[in-house]
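Chemist: Okay, structure incoming, though there's no sequence with it:
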(Lines give C-alpha, C1' and ligand atoms only; values in the text may rest on other atoms or scores of the structure.)
Protein backbone atom coordinates (compact mmCIF):
# COMPACT_ATOMS: atom_id res chain seq x y z
CA UNK A 1 0.00 0.00 0.00
CA UNK A 2 1.53 3.37 -0.97
CA UNK A 3 2.32 5.78 1.81
CA UNK A 4 0.27 8.93 1.93
CA UNK A 5 1.89 12.31 1.66
CA UNK A 6 0.95 12.91 5.28
CA UNK A 7 3.05 9.94 6.36
CA UNK A 8 5.84 11.13 4.08
CA UNK A 9 5.62 14.59 5.66
CA UNK A 10 5.80 13.05 9.12
CA UNK A 11 8.79 10.89 8.25
CA UNK A 12 10.56 13.80 6.58
CA UNK A 13 9.54 16.60 8.94
CA UNK A 14 13.03 18.07 9.04
CA UNK A 15 12.99 18.35 5.24
CA UNK A 16 9.60 20.02 5.27
CA UNK A 17 10.93 22.77 7.52
CA UNK A 18 13.88 23.25 5.17
CA UNK A 19 11.77 23.95 2.09
CA UNK A 20 8.72 26.07 2.91
CA UNK A 21 7.57 28.34 0.12
CA UNK A 22 8.66 31.34 2.19
CA UNK A 23 12.26 30.40 1.37
CA UNK A 24 11.48 30.61 -2.32
CA UNK A 25 9.96 34.07 -2.02
CA UNK A 26 12.85 35.19 0.21
CA UNK A 27 15.36 34.05 -2.41
CA UNK A 28 13.46 36.00 -5.09
CA UNK A 29 13.39 39.07 -2.82
CA UNK A 30 17.15 38.78 -2.32
CA UNK A 31 17.67 38.87 -6.09
CA UNK A 32 15.27 41.81 -6.33
CA UNK A 33 17.34 43.70 -3.74
CA UNK A 34 20.68 42.65 -5.26
CA UNK A 35 20.08 42.06 -8.99
CA UNK A 36 23.80 42.23 -9.83
CA UNK A 37 24.95 39.71 -7.22
CA UNK A 38 25.66 36.36 -8.82
CA UNK A 39 25.65 34.70 -5.40
CA UNK A 40 22.05 35.81 -4.75
CA UNK A 41 20.95 34.51 -8.14
CA UNK A 42 22.82 31.23 -7.68
CA UNK A 43 21.11 30.85 -4.30
CA UNK A 44 17.69 31.39 -5.89
CA UNK A 45 18.37 28.70 -8.49
CA UNK A 46 19.63 26.33 -5.79
CA UNK A 47 16.66 26.88 -3.46
CA UNK A 48 14.20 26.43 -6.33
CA UNK A 49 15.90 23.24 -7.49
CA UNK A 50 16.00 21.74 -4.00
CA UNK A 51 12.36 22.63 -3.40
CA UNK A 52 11.28 21.16 -6.72
CA UNK A 53 13.23 17.91 -6.17
CA UNK A 54 11.76 17.57 -2.67
CA UNK A 55 8.24 18.13 -3.99
CA UNK A 56 8.80 15.68 -6.85
CA UNK A 57 10.17 13.05 -4.45
CA UNK A 58 7.04 13.39 -2.32
CA UNK A 59 4.87 13.05 -5.40
CA UNK A 60 6.82 9.97 -6.49
CA UNK A 61 6.46 8.32 -3.09
CA UNK A 62 2.72 9.09 -3.13
CA UNK A 63 2.55 7.59 -6.65
CA UNK A 64 1.04 10.78 -8.03
CA UNK A 65 -0.13 10.12 -11.59
CA UNK A 66 0.79 13.54 -13.00
CA UNK A 67 4.37 13.55 -11.73
CA UNK A 68 5.95 13.65 -15.20
CA UNK A 69 3.85 16.64 -16.24
CA UNK A 70 4.52 18.45 -12.98
CA UNK A 71 8.24 17.73 -13.20
CA UNK A 72 8.24 19.14 -16.74
CA UNK A 73 6.72 22.39 -15.48
CA UNK A 74 9.50 22.66 -12.90
CA UNK A 75 12.17 21.87 -15.49
CA UNK A 76 10.84 24.52 -17.86
CA UNK A 77 11.00 27.17 -15.14
CA UNK A 78 14.50 26.08 -14.13
CA UNK A 79 15.59 26.35 -17.77
CA UNK A 80 14.26 29.91 -17.80
CA UNK A 81 16.27 30.67 -14.65
CA UNK A 82 19.43 29.11 -16.14
CA UNK A 83 19.03 31.18 -19.31
CA UNK A 84 19.29 34.44 -17.38
CA UNK A 85 22.43 36.08 -16.08
CA UNK A 86 23.05 38.89 -13.63
CA UNK A 87 22.12 41.62 -13.52
CA UNK A 88 18.56 40.36 -13.32
CA UNK A 89 16.02 42.87 -14.62
CA UNK A 90 13.10 43.92 -12.47
CA UNK A 91 10.82 42.46 -15.14
CA UNK A 92 12.42 39.04 -14.71
CA UNK A 93 12.14 39.26 -10.93
CA UNK A 94 8.48 40.21 -11.23
CA UNK A 95 7.99 37.35 -13.68
CA UNK A 96 9.60 34.85 -11.30
CA UNK A 97 7.39 36.01 -8.42
CA UNK A 98 4.28 35.78 -10.57
CA UNK A 99 5.27 32.36 -11.90
CA UNK A 100 5.69 31.07 -8.35
CA UNK A 101 2.37 32.51 -7.15
CA UNK A 102 0.56 31.13 -10.20
CA UNK A 103 2.27 27.76 -9.89
CA UNK A 104 1.28 27.40 -6.24
CA UNK A 105 -2.30 28.61 -6.71
CA UNK A 106 -3.11 27.08 -10.08
CA UNK A 107 -0.94 23.95 -10.24
CA UNK A 108 0.18 22.86 -6.77
CA UNK A 109 -3.24 23.32 -5.18
CA UNK A 110 -4.69 20.86 -7.70
CA UNK A 111 -2.64 18.00 -6.26
CA UNK A 112 -2.61 19.14 -2.64
CA UNK A 113 -5.70 17.12 -1.76
CA UNK A 114 -4.35 14.08 -3.54
CA UNK A 115 -1.12 14.14 -1.56
CA UNK A 116 -2.69 15.02 1.78
CA UNK A 117 -5.94 13.15 1.42
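Modeler: Received, thanks. Predicted model only: the values in this text are computed from it and were never measured.
Chemist: so where is the protein shaky, pLDDT-wise?
Modeler: Using pLDDT under 70 as the threshold, the predicted model of the chain has low-confidence ranges 1-19, 112-117.
Chemist: same thing but 50
Modeler: 1-19, 117 (pLDDT under 50).
Chemist: Show me what the helix ranked longest in it is packed up against.
Modeler: For the chain, the helix that runs over the most residues, judged by DSSP state H, is helix 38-61. With contacts taken as 3 or more Cβ pairs under 8 Å, 6 or more residues apart in numbering; DSSP states H and E, helix 38-61 sits against helix 5-11, helix 13-18, helix 21-33, helix 67-83, helix 109-116. Yep, even glycine has a C-beta here, placed from its N, CA and C like the rest.
Chemist: tilt between it and helix 21-33?
Modeler: Regarding helix 38-61 and helix 21-33, their directions subtend 160 degrees when assessed with axes from the mean of the first three to the mean of the last three Cα atoms, to 10 degrees.
Chemist: Just give me how far helix 38-61 sits from the chain centre.
Modeler: Here the centre of helix 38-61 is set off from its chain's centre by 6 Å, with Cα atoms, centre = their mean, to the nearest Å.
Chemist: Now that helix: buried residues?
Modeler: For helix 38-61, the buried set under the neighbour-count rule, 16 or more other Cβ atoms under 10 Å, comprises 40-41, 43-44, 47-48, 51-52, 55-56, 58-59, 61.
Chemist: How about stretch 73-88?
Modeler: Applying a neighbour-count criterion of 16+ other Cβ under 10 Å, one finds 74, 77, 81, 88 buried in stretch 73-88.
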